[in-house]
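K.L.:
show me the folded form of this:
(one chain, ligands or ions: 1)
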Amino acid sequence: MFDVNKIRKDFPILERKIWGDKQLIYLDNAATTQKPKIVIDAIVQYYETYNANIHRGVHKLAEEATAAYENVREKVKKYVSCDSNSEIVFTRNTTESINLLAYSLGESFSEGDEILLTEMEHHSNIVPWYLLRNRKKVNIKFAPITDQYELDYEKLEKLITKKTKVISITHKSNVLGTVNDIKKIAKLAKTNGSILIVDAAQSAPHMKIDFSDLGCDFLAFSSHKMCGPTGVGLLVGKKELFEKMSPFLGGGEMIRKVTFEDFTTNDVPWKFEAGTPNIADVIAFGVALDYIQKIGLDSIYKHEIELTQYALTKLRKFDFLKIYAPADVNKHAGIITFANPVVHPHDIATIVDQEGIAIRAGHHCAQPLMKKLGVSATSRASLYFYNTKDEIDVFIGALQKAFDYFELGACKELKEKVGERISK
Ligand code: C6P
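P.N.:
Predicted coordinates:
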């Protein structure tokens with residue numbers, strides 16, 4: 001039974017007061033989520049009782065640490081429903097996972113090969129491909145979004161050619177909240193022989209992911225956006241593709257043999273895990289995965305939809321505010337991005353911060369998307385399963401204060417501007 005008040009007690013930080021007596025209201029979960037005490041305790045327990053390097057020692061501590069670390073790999077496999085043809089590589093974050101792919105897959109690409117992205121990508125799924133373009137002279141294309149803030153699937157299909165080596169796409173936009181239809185794109189990619197990469201940084205924490213069923217080749221996400229520590233990224237992928245790929249980083253652990261002349265690589269996944277990994281945080285991430293699954297992804301998703309719907313109904317009363325999201329709340333659960341042409345989003349974020357409320361303002365590491373939307377920045381409230389309707393009420397009250405201060409309600413010109421959709 002989902003009980004948000006009981007759940008909140010698991011998170012020490014949610015007790016925190018800001019600016020003296022203001023209760024913290026944390027609505028910046030798309031940036032990073034808070035951590036339950038059992039995850040924090042797991043880090044302390046590791047360092048206090050079995051800290052050792054893994055895969056190297058034969059002593060008891062090394063064995064315990066190795067088993068705990070490798071056990072998390074199995075947990076991740078279950079979390080994303082991998083079959084035996086898939087493998088998990090631990091990285092530092094989603095960004096590193098995508099850099100690994102752009103570098104290692106890219107080693108076999110040639111001038112004129114094409115990479116297809118979308119206009120709603122995070123910089124983490126753009127810049128690694130620009131780096132590859134600088135090395136290999138590949139061409140990069142962007143599938144457009146519609147004025148309903150959804151992917152234009154027809155145009156995307158037309159952009160796929162025989163030269164499209166990779167389609168790399170976000171599962172859920174960190175700005176619009178839009179959830180993309182990966183299965184549909186997977187069919188197109190498969191027919192064309194393109195590799196499909198999915199950036200699941202914003203989806204894996206909130207909804208059930210079935211890697212085999214989605215039909216993609218790789219999936220990347222981050223521990224810190226799902227109750228786990230920072231410094232742990234996940235890269236799920238098809239084993240046969242990992243086996244064909246060049247290593248990303250060289251050093252200890254990723255080798256089988258090194259001579260004065262050359263080296264041979266270790267098996268997948270260790271071939272992609274050079275050097276001592278982030279052992280403590282990987283182990284604590286395993287605890288976070290157990291915790292999330294105990295609460296239940298269906299309950300998490302349902303709660304977030306309800307909260308988003310509740311917040312939207314209240315936000316829409318500010319008719320001078322533009323909300324950047326698909327009309328159907330089911331397509332953007334948990335993320336609400338808004339702006340208006342007069343008050344800078346940073347000013348809104350600063351005013352609500354005075355009430356103890358954390359939201360994000362800025363370009364959200366998606367500058368090309370901001371350009372498409374015709375703004376330089378927006379404000380964003382992003383929710384997780386420990387947020388409540390009471391918190392939304394306080395947030396709406398704080399926004400009202402900010403808008404009253406700037407006398408936005410009285411500005412007729414603003415309301416007309418809000419009617420405009422995406423700038424062309
Ligand atoms: N977005 C946000 O506030 P890292 O930093 O590597 O863990 O995640 C990068 C990343 C990749 N893809 C998407 C869709 C993301 O949202 C993010 C992180 C945060 O929106 C920080 S910029």
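K.L.:
and the helices in the stretch 201-350 of the chain, which stretches?
P.N.:
211-214, 239-244, 279-295, 297-315, 345-353 (DSSP state H, counting those that start in this stretch).
K.L.:
how about Val352: what's its closest non-neighbour residue?
P.N.:
Using Cβ to Cβ, 6 or more residues apart in numbering and skipping residues adjacent in sequence, the residue nearest Val352 is Ala398, 4.4 Å away. C-beta: built from backbone N, CA, C; applies to glycine.
K.L.:
so the nearest residue to Ala102 once chain neighbours are set aside is in which element?
P.N.:
Take Ala102 and drop its neighbours on the chain: the residue closest to it by Cβ to Cβ, 6+ apart is Pro128, 3.7 Å away. Element membership of Pro128 [criterion: DSSP states H and E] is helix 127-136.
K.L.:
which other helices and strands contact that helix?
P.N.:
helix 94-106, strand 114-118, strand 139-143 (3 or more Cβ pairs under 8 Å, 6 or more residues apart in numbering; DSSP states H and E).
K.L.:
what's the most buried one of the helices of the stretch 201-350 of the chain?
P.N.:
Comparing the helices of the stretch 201-350 of the chain on average neighbours per residue, with mean count of other Cβ atoms under 10 Å, the densest one is helix 279-295 at a mean of 21.
K.L.:
still on that earlier bit, could you see whether the ligand lies near the helix holding Pro128?
P.N.:
No - judged by Cβ under 6 Å from any ligand atom, helix 127-136 makes no contact with the ligand; its nearest approach is 10.7 Å.
K.L.:
could you tell me which residues of the chain lie near the ligand?
P.N.:
Neighbours of the ligand within the chain, by Cβ under 6 Å from any ligand atom: 30-31, 93-95, 122, 124, 170, 174, 199, 201-202, 222, 360, 364-365.
K.L.:
what's the farthest-apart pair in those residues?
P.N.:
Using Cβ to Cβ, the two most remote members of the residues of the chain next to the ligand are Asp199 and Arg360, lying 18.1 Å apart.
K.L.:
can you list the low-confidence ranges for the chain?
P.N.:
Applying pLDDT under 70 to the chain picks out residues 410-424.
K.L.:
tell me which residue is most central in it.
P.N.:
Centroid check for the chain by Cα atoms, centre = their mean gives Ala201 as the closest residue, at 1.7 Å.
K.L.:
okay, now the nearest residue to it once chain neighbours are set aside: neighbour count?
P.N.:
Counting by Cβ to Cβ, 6+ apart, Ala201 lies nearest to Thr94, which is 4.2 Å off, once chain neighbours are set aside. Neighbours of Thr94 under the rule other Cβ atoms under 10 Å: 27.
K.L.:
wait, Thr94 touches Glu121, no?
P.N.:
No - between Thr94 and Glu121 there is no contact under Cβ atoms under 8 Å: 11.6 Å.
K.L.:
name the residues contacting each of the two.
P.N.:
Shared contacts of Thr94 and Glu121, defined by Cβ atoms under 8 Å, 6 or more residues apart in numbering, comprise Asp199.
K.L.:
outline the domain layout of the protein.
P.N.:
Structurally, the chain divides into domains by automatic domain parsing as follows: 4-30+296-423, 40-293.
K.L.:
relative to the ligand, how far out is the residue sitting furthest away from the middle of the chain?
P.N.:
What lies farthest from the middle of the chain is Phe260; by Cα atoms, centre = their mean that is 41.8 Å. Using Cβ to the nearest ligand atom, to the nearest Å, we find Phe260 at a distance of 37 Å from the ligand.
K.L.:
how close does that residue sit to Glu70?
P.N.:
Shown here: Phe260 relative to Glu70, a distance of 32 Å by Cβ to Cβ, to the nearest Å.
K.L.:
point me to the residue of the stretch 251-400 of the chain nearest the ligand.
P.N.:
In the stretch 251-400 of the chain, no residue comes nearer to the ligand than Cys365, which is 3.8 Å away by Cβ to the nearest ligand atom.
K.L.:
so what's that residue up against?
P.N.:
Taking Cβ under 8 Å, 6+ apart, we find Cys365 in contact with 122-124, 174.
K.L.:
against Ile335, how distant is the residue nearest to Val352?
P.N.:
From Ala398 to Ile335 the distance is 19 Å (Cβ to Cβ).
K.L.:
which one's more surrounded, the two?
P.N.:
Taking other Cβ under 10 Å, Ala398 and Ile335 do not tie; Ile335 has more neighbours (26 against 21).
K.L.:
wouldn't the more buried one be in contact with Thr378 here?
P.N.:
No - in this structure, Ile335 is not within contact of Thr378 by Cβ under 8 Å, at 10.9 Å.
K.L.:
need the overlap of contacts for those two.
P.N.:
Val175.
K.L.:
give me the neighbour count for Glu114.
P.N.:
For Glu114, the tally of surrounding residues (other Cβ under 10 Å) stands at 19.
K.L.:
got it, and Lys78?
P.N.:
10.
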